[in-house]
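> sequence and predicted structure are below.
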Amino acid sequence: MIAHIINTDIGRRGIGRVYLEYRMMNYDFLKEAAETFVKNVENVVIVTGFPVYPSLKPENDGPLGAVALYGAVERLGGRASVLTFDDLKEAMSPLVGNFIGREEADRLVADGEATLLISVESPGRARDGRYHSMKGCRLDIEGFDDLFIRARESGVPTIGIGDGGNEIGMGNVRGLVEKYVPRGEKIASTVEVDHLVTSGVSNWGAYGLVAEASVLSGKNLLPEWREEEVVRILNYFGIVDGVKGKVDMSVDGIPLDVHEGVKTLLRRVTEHLLKR
Ligand code: MG
Ligand code: MG
């Protein structure tokens, strides 16, 4: 049920079909991701930030999900740090306490000190080795996906959350992205993770993972903020709506009351499941 809610494809980007086929083969994907999440909270590195073409300003889908995951890790008694681009780091500073740089994250993965890597809406390289926007424009940026590639090699568990096909983790369903997402052959990420969480909006994917982790851990870990309040903070720092490419009171082109509604539904479903 939670997986269904977060995969409502109201942006009509093709992720709905990707999800349905993925789910048929991996019915418990969200539960399995949540199990890995709950078991590995000691030292979690959360990666977020998707630069939007052509300004390369990061978008506001991803950061809210990252903040929700960060809070859930803390409430489970663990420690989280966020790895992101400098401008998004500044914007997220009022919302999370621990940030980590590229070099430190590399070291944590190489030394096996990181217990879990999670990506929420972060670019994954395509077959040509480059990053692309959903419209197929090349993004000349230095991504964080190499960390996930190395984590897979060193045995650090990885979770990837995405909503379009060009994100870290979507390599798990590359064939489906190529089949169902416009320009899929060009933009599809090749970067694989242990657990892929698909979603209609990546923030919802993170909220869904937190909801499922709540059910597993017996306490409601979902954030109580109003979407409007958090987006206003990000807006202040010039973080943009990724679909519109400009600062606005929306995420992925979808008004904030819809996001609020999805989060409220997840909270109510979680409360119901916790009572059973
Ligand atoms: Mg996306
Ligand atoms: Mg998105």
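Good, I have the coordinates. Ligands and ions are numbered 1, 2, ... in the order given.

> now do the same for whichever residue of the stretch 1-150 of the chain sits closest to ligand 1: its pLDDT.
Taking CB to the ion as the measure, the point where the stretch 1-150 of the chain comes nearest ligand 1 is residue 121, at 5.2 Å. (Each C-beta comes from the backbone N, C-alpha and C, glycine too.) Residue 121 carries a pLDDT value of 98.

> what's near enough to touch it?
48-50, 59, 61-62, 65, 161-163, 167, 202-203 (CB atoms under 8 Å, 6 or more residues apart in numbering).

> and those, which is closest to residue 127?
residue 167 (14.8 Å; CB to CB).

> contact partners for the closest residue to that closest one other than its chain neighbours?
Nearest residue to residue 167 in three dimensions, chain neighbours excluded: residue 124, at 5.4 Å (CB to CB, 6 or more residues apart in numbering). Shown in contact with residue 124 (CB under 8 Å, 6+ apart): 131, 143, 145, 148, 160, 162, 166-171, 189-191.

> name the nearest residue to the residue in the stretch 101-250 of the chain that ligand 1 sits nearest to, sequence neighbours excluded.
Across the stretch 101-250 of the chain, the shortest distance to ligand 1 (CB to the ion) belongs to residue 164, at 3.6 Å. By the measure of CB to CB, 6+ apart, the closest residue to residue 164 outside its immediate chain neighbours is residue 134, 5.0 Å from it.

> right, and the one you found touches residue 12 too?
No. Counting by CB atoms under 8 Å, residue 134 stays clear of residue 12, with 11.8 Å between them.

> quick one, which of these two is more surrounded?
residue 134 (22 against 8; other CB atoms under 10 Å).

> next, the contact list for the more buried one, please.
Applying CB under 8 Å, 6+ apart, we find residue 134 in contact with 13, 164-166, 181-183, 187.

> mind checking how far the residue most central in space within the chain is from residue 231?
The residue lying closest to the centre of the chain (CA atoms, centre = their mean) is residue 120, at 1.8 Å. Residue 120 sits 15 Å away from residue 231, taking CB to CB, to the nearest Å as the criterion.

> re earlier: got the contact list for the residue nearest to the centre of the chain?
46-48, 62-63, 65-66, 69, 161, 202-203, 205-206.

> which pair of these spans the longest distance?
Top of the distance list for those (CB to CB): 47 and 203, 14.5 Å.

> neighbour count for these two, which is higher?
For the pair residue 47 and residue 203, the greater number of neighbours falls to residue 203 (31 against 25), based on other CB under 10 Å.

> how far off centre is the helix or strand harbouring that one?
Taking DSSP states H and E as the criterion, residue 203 maps to helix 202-217. How far helix 202-217 lies from its chain's middle: 11 Å, per CA atoms, centre = their mean, to the nearest Å.

> which strands and helices lie in contact with that helix?
helix 2-6, helix 29-39, helix 63-75, strand 116-120, strand 158-162, strand 195-198, helix 256-275 (3 or more CB pairs under 8 Å, 6 or more residues apart in numbering; DSSP states H and E).

> following the first one, which helix or strand comes up?
Scanning forward in sequence from helix 2-6, with DSSP H and E defining helices and strands, the next element found is helix 15-25.

> and that next one with helix 202-217, angle?
For helix 15-25 against helix 202-217, the angle by axes from the mean of the first three to the mean of the last three CA atoms, to 10 degrees is 30 degrees.
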